[in-house]
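Colleague: here you go, sequence then predicted model.
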There are 2 protein chains.
Amino acid sequence: MNRSPATTTTDDLFRALADPTRRRILDLLADHGSATVGELAAQFPDLVSSGISKHLMALRAAGLVIATKQGRNQIYAIDADAMEQALRPWLAKYEAYWTGALTRLRDAATNPK
Amino acid sequence: MNRSPATTTTDDLFRALADPTRRRILDLLADHGSATVGELAAQFPDLVSSGISKHLMALRAAGLVIATKQGRNQIYAIDADAMEQALRPWLAKYEAYWTGALTRLRDAATNPK
DNA sequence: GTAATTAATTACCAAACGGTAAAGCATGCG
DNA sequence: CGCATGCTTTACCGTTTGGTAATTAATTAC
């Protein structure tokens, strides 16, 4: 039962991304690589840690994040594959509109820094 | 005062995208090019048209959609620029993770259909 | 001018959401 | 062992959200 959290639906994805605190958690994980609940909670002085825990559960349920237990800490990290796979099909529908971004991405991909 | 609806914040964007009905409205507009409230409402048998109107106002407030009055109809269409400009900065943070998508986008941009 | 059509607004309701506090569960340490 | 630590779960609360119904406004048709 420790399988991947059932495929992330578009619904799950966008519901999870709707909250600014959850997006900031993702940002922190993206910057930091991975972090424990305590480390994350320390970045939110206005929130109590169980609130962070709930947000993390939401992100985990949406499949955007994975947790690995290490001692009594939970190490959280972004599940890049799941995030991409959930977001890409949706993005694909709108890529046609974003020729500007497409060009920019082509540049970035063709001429990686 | 008919200028672009103040810049769309990341918050506005994701809050607007959080609702499945609003995402489906965007899909319909993306497919159909543009549509009136009535045409859109016809695609949602389970919803009453004032509900659609409210969703459209939400999308408009988020800057994802623009409306032009034509007779007694309102013609809605996606505001592609606003959508891109709101989404791109956020996407940029995660592009690094999605090398697969990057490659695919490079192909699409380099070798347009 | 009057009636019909289209959309937006308002008032209201139930459900979902984000937050806290407190209890519960493992795990590590003296 | 007994206690502290780190995190999750539960119970609860106020606010926001998505929905409907009814009213209002504007435009077209008769």
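Modeller: Looks like it arrived, so ask away. Numbering: from 1, shown residues only, chains lettered A, B, ... in the order given.

Colleague: A:Phe44 reaches A:Thr21, doesn't it?
Modeller: Yes - assessed by C-beta atoms under 8 Å, A:Phe44 is found in contact with A:Thr21 at 6.9 Å. All C-beta atoms are positioned from the backbone trio N, CA, C, and that covers glycine.

Colleague: now the common contact residues for those two.
Modeller: A:Ile52 (C-beta atoms under 8 Å, 6 or more residues apart in numbering or on different chains).

Colleague: hey, where'd the strands end up in chain A?
Modeller: Ranges of strands within chain A are A:35-36, A:65-70, A:73-78, based on DSSP state E.

Colleague: and the gap between A:Val48 and chain B?
Modeller: Distance, A:Val48 to chain B, by C-beta to the nearest C-beta, to the nearest Å: 22 Å.

Colleague: got it, and A:Leu29?
Modeller: Taking C-beta to the nearest C-beta, one finds A:Leu29 at 11 Å from chain B.

Colleague: next, count neighbours for that residue.
Modeller: 20 (other C-beta atoms under 10 Å in any protein chain shown).

Colleague: leaving out chain neighbours, which residue sits closest to it?
Modeller: Excluding the flanking residues, the one nearest A:Leu29 by C-beta to C-beta, 6 or more residues apart in numbering or on different chains is A:Ile78, at 4.9 Å.

Colleague: and that neighbour, how far from B:Pro20?
Modeller: 24 Å (C-beta to C-beta, to the nearest Å).

Colleague: the two: which has the busier surroundings?
Modeller: Taking other C-beta under 10 Å, A:Ile78 and B:Pro20 do not tie; A:Ile78 has more neighbours (22 against 13).

Colleague: ok, that one touching A:Val65?
Modeller: Yes - contact criterion C-beta under 8 Å: A:Ile78 and A:Val65 qualify, at 5.9 Å.

Colleague: need the residues touching each of those two.
Modeller: Both A:Ile78 and A:Val65 are contacted by A:26, A:29, under the criterion C-beta under 8 Å, 6+ apart.

Colleague: residues in contact with the nearest residue to A:Phe44 once chain neighbours are set aside?
Modeller: Residue nearest to A:Phe44 in three dimensions, not counting chain neighbours: A:Ile52, with 6.2 Å by C-beta to C-beta, 6+ apart. Residues in contact with A:Ile52 (C-beta under 8 Å, 6+ apart) are A:21, A:25, A:37, A:40-41, A:44.

Colleague: now, which of the residues you listed lie close to DNA strand C?
Modeller: Among the contacts of A:Ile52, proximity to DNA strand C is found for A:Thr21 (C-beta under 7 Å from any atom of the strand).
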